[in-house]
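Give me a 3D structure for the following:
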Amino acid sequence: MELPKNFEYFEKTSLNKTIENLIKEQGDNVCQQKIGVDYIKNQLTDYSFGFIRYTTKALVGQRRTRQTEHHLYSFVLCKHVPDPLVKEYNIILVCSRANSKDGKLLMQLVEQKARELHYQRLSLIAVGDQRLLHWYESLGYVSIDYKPIQDSNNNAYYMRKNL
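From the prediction side, this is the model:
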């Protein structure tokens, strides 16, 4: 699979701590403070594979500190669903910075990877407003079920896409 510039594929089994640490450090900003650090860290314990886009910061003339040398733009985490009848991946977390425009590309990369592995379906839970729901629908996802989120005007939508 050929990846666009600055994108990288990673798997949980590869024990890529650099990528996981980058998501832990900058994930909340990339997710635009809508998800929470604890939730992001939880998802990093139980995923199968993901894609990430980051660049290396120029450190010329800067004093070296413990800050990361990378700038995270976007990432997606996917998990194998242990269903013996259907080979399915669940997209457990997809985040991108406000103006990065990476969301659609990340979703295309996940779909391409799932097809390469002969998976039959992708699923996700979309939390948010109608705009987000319509965006996923424009990518071919179908809303299967939804539940209102307590103390919120938003719903959580369970969505699927057959490949």
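
Run through the bridge partners of the spatially most central residue of the chain.
Nearest to the mean C-alpha position of the chain, by CA atoms, centre = their mean, lies V76 at 1.9 Å. Beta-bridge partners recorded for V76 (DSSP bridges): F51, V94.

Please verify my assumption that it contacts N90.
No. The pair V76 and N90 fails to qualify as a contact (CB atoms under 8 Å) at a distance of 11.4 Å. Using the backbone N, CA and C atoms, a C-beta is placed for each residue, glycine as well.

low-scoring stretches of this protein, by residue?
14-15, 58-68 (pLDDT under 70).

and if we set it to 80?
13-16, 56-68, 128-129, 149-155 (pLDDT under 80).

Strands of that one, start to end?
Per DSSP state E, the chain carries strands over the ranges 7-11, 49-56, 70-81, 88-96, 121-128, 142-148, 155-162.

Check which helices and strands the third one sits against.
Just to be clear, that refers to strand 70-81. Counting contacts by 3 or more CB pairs under 8 Å, 6 or more residues apart in numbering; DSSP states H and E, strand 70-81 packs against helix 17-30, strand 49-56, strand 88-96, helix 103-116.

Let me have the ones you listed in CSV, adding distance to Y39 as columns.
Listed next are these as CSV, based on distance: least, CB to CB, whole Å:
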stretch, distance to Y39
helix 17-30, 9
strand 49-56, 15
strand 88-96, 8
helix 103-116, 18
